[in-house]
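Asker: Give me the fold of what follows.
(chains A, B and C)
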Amino acid sequence: MSDWLRNSWYIAAWDYEVDSAPLARTICGVPVMLYRKLDRSVVAMRDACPHRMLPLSMGMREGDSIRCKYHGLKLGPDGVAEEMPMKSEAVNRRVCAETFIVHERYRFVWIWVGDREKADPALIPDMWPCEKEGWTHDGGYYHVACNYRLMIDNLMDLTHETYVHSGSIGQPEILEAPLQCRVEGSTVWLSRWMPGIDAPPFWRGALKQPGPVDRWQVCQFNLPSLVMIDVGVAPVEAGATLEQHDQGVRGMVIDFMTPESETSHHYFWGMARNFDIDDKGFTARFRSQQGGVFAEDKVILEAQQRAIRDNPDLKLNAYAIDQGGVRARQAIDRAIRQQENA
Amino acid sequence: MSDWLRNSWYIAAWDYEVDSAPLARTICGVPVMLYRKLDRSVVAMRDACPHRMLPLSMGMREGDSIRCKYHGLKLGPDGVAEEMPMKSEAVNRRVCAETFIVHERYRFVWIWVGDREKADPALIPDMWPCEKEGWTHDGGYYHVACNYRLMIDNLMDLTHETYVHSGSIGQPEILEAPLQCRVEGSTVWLSRWMPGIDAPPFWRGALKQPGPVDRWQVCQFNLPSLVMIDVGVAPVEAGATLEQHDQGVRGMVIDFMTPESETSHHYFWGMARNFDIDDKGFTARFRSQQGGVFAEDKVILEAQQRAIRDNPDLKLNAYAIDQGGVRARQAIDRAIRQQENA
Amino acid sequence: MSDWLRNSWYIAAWDYEVDSAPLARTICGVPVMLYRKLDRSVVAMRDACPHRMLPLSMGMREGDSIRCKYHGLKLGPDGVAEEMPMKSEAVNRRVCAETFIVHERYRFVWIWVGDREKADPALIPDMWPCEKEGWTHDGGYYHVACNYRLMIDNLMDLTHETYVHSGSIGQPEILEAPLQCRVEGSTVWLSRWMPGIDAPPFWRGALKQPGPVDRWQVCQFNLPSLVMIDVGVAPVEAGATLEQHDQGVRGMVIDFMTPESETSHHYFWGMARNFDIDDKGFTARFRSQQGGVFAEDKVILEAQQRAIRDNPDLKLNAYAIDQGGVRARQAIDRAIRQQENA
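Answerer: Purely as a prediction, here's the structure:
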């Protein structure tokens, strides 16, 4: 069975990562090059010249086209030859590089490397906090040398904060709140509700008022590899519930894992929020803090990937805290099986 | 056929290498972590958390237990779970990491990664000079990127000193002394007796008297991968013989090779001696000299391992000088075959 | 089918690269060591001691022989044992290292790693400009991490100059001259004739006179992997033709690719010329310029090799400009098939 869902949208890049100069990135094992045309729309093409396979990302942009650095074969944004290496040679329009369907949404460039006829933008997972009125969102990109499922496991369980992030965001009280896991189709939720507690400094600062709060953490998994974590606090008197909690300050951590190979992935991380949305320094501060937290996860995840290689006789086990990751992996496996049997 | 004897004691570490913080070391292909309990006894455990396989050596010590750095699963020194990742979860005592039997002797931590029921401490090879009254012993650890048998070959033949160590301890007269090889069961001896010669500076300094000496070098191989080299001089008038030579000054170079992989091993090197035993500077000086000599061997052995990879159509050959190594390899092969057929 | 022609002469080294100290170089997958005897003739031997496989290139030269650095086995220049590791041991003349037939010609050391009985020096490809009266020649050595055929492709097509070497020797007018491809047996010519043009600075300086010139570029491929590029200019009034053009200044770029592995080769590059032959600074200046040009090719070729690995579902395609490389590869494939079926 394949390691990832082939017919699916994956994030190829943040909007700001792609510009007129080509960006090379391997998506689900396929070397891809991305660039923006003059109208700012995005082109995604196999990163190999149809002539002698030199990465096109090494080439020169000309208008909306790309010219290979080796022999000068010029391809249009549709991947089709516009000029042969020897200018005198008649253009053969069957000479072309594979292109991929892309779609920009939620500030991400989405790519479909599976069967083209199935690439329906309506299948892009719902990331409503990224485009909701009154919210703002931003984030960063990291390369991680581990299978993308290990990152899903990591995100669908916030227990590890206590140990991995003991030096940063970990807090023992999180462990005490009961976990609730819920599955509906291929969506998995893992929720923690902490009623009437004292808000930690980050949330107190966001809320800007004293008094006991209700606090929540809701991890939500969606195919193919999205984890959104709904976090925030509301004053107790506002009567927030797990179902309805827009009364206070609320953020959504956005995590998307795009497979690169079976032992590495691209990690797109962001934070959407409905507070301090005009604070231009928020993202810079948060990004810097998150960079440190992420560095702690990266050490763990890459060591875990190496341990899997070095202990071929052992297998990963799952306990109660892993139910979120287990359900997410089951959803992925079911979807892959369905696609492979279709 | 396996490359090493599975049911056997191997040295995992020098006594001083293991302390309360975990030490990670792969023994015969198995990732292991070692630490000392409060009573200073040694624990050896598979270096992979039974939960999500993170190396336990990255974890935190608590009392005599270890807590995984990822989700905080806490394992006792017997490898059995004492606390689950989510504290509220009932402890499942079937959750456990594999532990290995260890035994401290001769200042080494011995480990048994084979079948537990066969781990009899009486099978630890006899290294009497390491615990004999009137003797002292110390040494160091090196990692070598070659198969452990190549080091056994190297040690069971002192001819190479002339060439490999031409810049340090090599001496042409060693080549002139006749070699005697003797096998008894799985023990192999290779002896050189040099009667009535002038003592080289090192031994003259140890003996602290003038006059001609008898000099000996006796390499002794024992399963699974021990080479002890009995070296020393005695005044001619003392009447020492190959069988009995405790009349002068005597040292025993201790070499033990623990396989890490098929192309690397852990080399434990030491020197036991019955002279200058209160000279605290001896080990420091000797270690520094030995470090230089060993660096010469390491260059050769690792080049040899690469040459074996690069010349797959060739094979190692053995001449008269190699009889020690040949017999030692035969003893290893016989023992492995016996174990595999048992 | 093998990737290279086994029974063939290959260049092992420039004459100046081989001296009394051994040079290690893997030729067609075979580790070889080369050195010069006292009479300056060249010895080529498998770079592995017949005893314990240590690379002989790590050894010590003694007279015309080599002594292994490990145990001192001494081999004559014929590869046969002259002294065993233990001097007292009788020399066994069946102990020997494989030697290879070498032949010096055109300032190169040629080696034959195939069947010895077929090693006829008459089969060395004709490189007449390297020994013609009135000509001089010199050059350098580079290691390139790509299959040798990718370099042949590169050299049998000068179109790439425009793009790869846009910063150095590329010139758009080269693209406008029509290409002529001719095949005769296993020789392939690719010619460009540029009549009545203005000489570029390099050739104007060589010619030392004003006025319009005829310019030519003729790439010639010969088995197993030689590409000579005949370049030069002659005053229009001299009446040079593609068939006969010795009227002006003429150079021959000499390129020979010796396979190291399937993804790397040794690139021997030189320039023979019939002008400024007493200018001692010419080679130094040209070498320095060529070094820069070559660095541009190396980036492209090694990226191409990686792209071939990363896009296993794609294959190299050939257009009109590639006819030279295509014909050269066909000649190689035909020759390999003939040898394998013989």
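Asker: Figure out the helix or strand that residue A:335 lives in.
Answerer: helix A:323-341 (DSSP states H and E).
Asker: check whether that helix contacts chain B.
Answerer: No. Counting by CB under 8 Å from any CB of the partner chain, chain B has no neighbours in helix A:323-341; the shortest distance is 9.2 Å. Bear in mind the C-beta positions are built from the backbone N, C-alpha and C, glycine included.
Asker: Any buried residues in that helix, and which?
Answerer: The neighbour-count check on helix A:323-341 (16 or more other CB atoms under 10 Å in any protein chain shown) flags A:323, A:324, A:325, A:326, A:327, A:328, A:329, A:331, A:332, A:335, A:336, A:339 as buried.
Asker: And the furthest pair within these?
Answerer: Comparing every pair within these by CB to CB identifies A:323 and A:339 as the most remote, at 24.7 Å.
Asker: The spatially most central residue of chain A bridge partners, please.
Answerer: Nearest to the mean C-alpha position of chain A, by CA atoms, centre = their mean, lies residue A:256 at 1.6 Å. Judged by DSSP bridges, the bridge partners of residue A:256 are residue A:226, residue A:268.
Asker: That one reaches residue A:223, doesn't it?
Answerer: No. Residue A:256 lies out of contact with residue A:223 (CB atoms under 8 Å); the separation is 11.4 Å.
Asker: mind checking the longest helix of chain A?
Answerer: Longest helix in chain A by number of residues (criterion: DSSP state H): helix A:280-310.
Asker: Mind checking the pLDDT average for it?
Answerer: In this model, helix A:280-310 has an average pLDDT of 88.
Asker: quick revisit: now flag whichever of the buried residues of helix A:323-341 is closest to residue B:32.
Answerer: residue A:325 (27.5 Å).
Asker: Tell me which helix or strand the residue lying closest to the closest one once chain neighbours are set aside sits in.
Answerer: Distances taken as CB to CB, 6 or more residues apart in numbering or on different chains put residue A:153 closest to residue A:325, at 3.7 Å, once the chain neighbours are dropped. Using DSSP H and E, residue A:153 sits in helix A:148-155.
Asker: between that helix and helix A:280-310, how big is the angle?
Answerer: 120 degrees (axes from the mean of the first three to the mean of the last three CA atoms, to 10 degrees).
Asker: just checking, what packs against helix A:148-155?
Answerer: Applying 3 or more CB pairs under 8 Å, 6 or more residues apart in numbering or on different chains; DSSP states H and E, we find helix A:148-155 packed against strand A:226-235, strand A:249-261, strand A:264-273, helix A:280-310, helix A:323-341.
Asker: just to revisit the earlier point, give me the pLDDT value at the residue nearest to the centre of chain A.
Answerer: So, for residue A:256, pLDDT stands at 98.
Asker: Show me what counts as buried in stretch A:221-235.
Answerer: A:221-235.
Asker: Now the stretch 1-150 of chain A against chain B: closest residue?
Answerer: Using CB to the nearest CB, the single residue of the stretch 1-150 of chain A nearest to chain B is residue A:150, 8.2 Å away.
Asker: Would you mind measuring from that residue to residue A:301?
Answerer: 5 Å (CB to CB, to the nearest Å).
Asker: Could you count how many residues lie near the closest residue to residue A:107 other than its chain neighbours?
Answerer: In space, and not counting its chain neighbours, residue A:107 is closest to residue A:15: 4.8 Å by CB to CB, 6+ apart. Residues near residue A:15, counting by other CB atoms under 10 Å in any protein chain shown, number 15.
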